[in-house]
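Visitor: here is the input, now give the coordinates:
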Amino acid sequence: MPTALVTGATGLVGHYLVERLRRDGWTVRAFVRDAARAGALSRAGVDLATGDTLEPSGFARAARGCDVVFHAAAAVTPSGGWEAFRRPNIEGTRHAIAAAASANARLVHVSSVAVYGGNARYRDDRTAIDEDAPLTALAENAFYARSKRDSEALVLEAHAAGTVWATAVRPSVIYGTHDRQFVPRIARLLERGIVPLIGGGRSTLAVVHAANVVDGMVRAAATDAAGGRAYNLSNDFPITVEDFFRLGSEGLGVRIRRIPVPYVVARAALGAFQLVAPWFLGSRFNAVGSAALHFVSRDNPFSSARARRELGWDPSVRHEAGVPEAFGWWKAHH
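Guide: Residues are numbered from 1 along each chain as shown. The predicted structure follows:
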């Protein structure tokens, strides 16, 4: 069976990826900065390689003998400005490319739909954004989006140059157990008991379960034609804002009172909404404003048709089970 090196193995996607690979019979090696803090991985039979994605020689040693490098490590909400995103996300990816190339391994890079920008993704004609959509200019302070776009470009350029076989996946907002970003923010909001629903909460969220993202990653690694391609993994199953809150509250075991807020009121009070938006997005897209308002009031703008068509992506974890499980896990462990 093949051997995989996983970066970001202690994170949300990494957790599900390690489980999936081991279940499929892979030999799994996790690239971690601190072996003492990755004891759960070691106890689960995962080999540990200690090092840092910013240190290229250690990265190359960790990749030696591997068939695939799954690069899931990234800075999502670090403190600091552009440099706090650039070094781990861009330079770390540059070293992932070099490590995979030195090992003659395939590289699967976790990018993000953030590459499409904030407001530009919402088209007036409501046509879905696919991978052929042009990438418009990003705001200067859209640090996360800029770092993901630049790191993905490095990956696809390296494939085009023949340096390494590489592909990229672009998830939307990811949720699941072990989530340290999205679920905790929503859980704290739900625990307050009163939840505002802009437009009645009828819009479809741009969220995807981590296990389904991992399914797309594994399929991409095994698909020759995926080399040099990027794949949206952004809409496994449609779920409205209201249903997400309802299922989340079931997982938490709390009762919530839902308060409808007309969109025109929310739009007019955008300044006030900026106080609410961090519960949903934190600083992930670094543009808490109209883009965040769109996130909770307009339908998911992305299409994952290419992944379904070319990779045979067939998500198995539905939100009816995945959302309560994620919030229940948070309640038990936070």
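Visitor: use CA for all of it now, contacts and neighbours both
Guide: Will do.
Visitor: hmm, who's touching the longest helix along the chain?
Guide: If you go by DSSP state H, the chain has its longest helix at helix 143-160. Residues outside helix 143-160 that contact it (Cα atoms under 8 Å, 6 or more residues apart in numbering): 76-77, 81-82, 85-86, 89-91, 93-94, 97, 109, 111-112, 114-117, 138, 164-168, 227-229, 284-286.
Visitor: from those, list just the buried residues.
Guide: By neighbour count, with 16 or more other Cα atoms under 10 Å, the contacts of helix 143-160 hold 76-77, 82, 85-86, 89-91, 93-94, 97, 109, 111-112, 114-117, 138, 164-168, 227-229, 284-286 as buried.
Visitor: on that earlier part again, tell me the buried residues in the longest helix of the chain?
Guide: 143-152, 154-156, 158-159.
Visitor: quick one: residue 128 and residue 299 touch, right?
Guide: No: in this structure, residue 128 is not within contact of residue 299 by Cα atoms under 8 Å, at 9.7 Å.
Visitor: compare these two (neighbour count), which wins?
Guide: Set residue 128 next to residue 299 and count neighbours by other Cα atoms under 10 Å: residue 299 wins out with 20 against 17.
Visitor: contacting residues for the more buried one?
Guide: 203, 204, 205, 206.
Visitor: got the phi and psi for it?
Guide: phi -60, psi 150 (degrees, to the nearest 10).
Visitor: any idea how far it is from residue 207?
Guide: 11 Å (Cα to Cα, to the nearest Å).
Visitor: just residue 111 next, same as before
Guide: Taken as Cα to Cα, the span from residue 111 to residue 207 is 15 Å.
Visitor: can you tell me the SS state at residue 109?
Guide: What DSSP: H, G, I helix; E, B strand; the rest coil gives for residue 109 is strand.
Visitor: let me see the contact set for it.
Guide: 70, 71, 72, 152, 155, 166, 167, 168, 169.
Visitor: okay, now the unreliable bits of the protein?
Guide: The model of the chain has pLDDT under 70 over residues 119-120, 124, 266-291.
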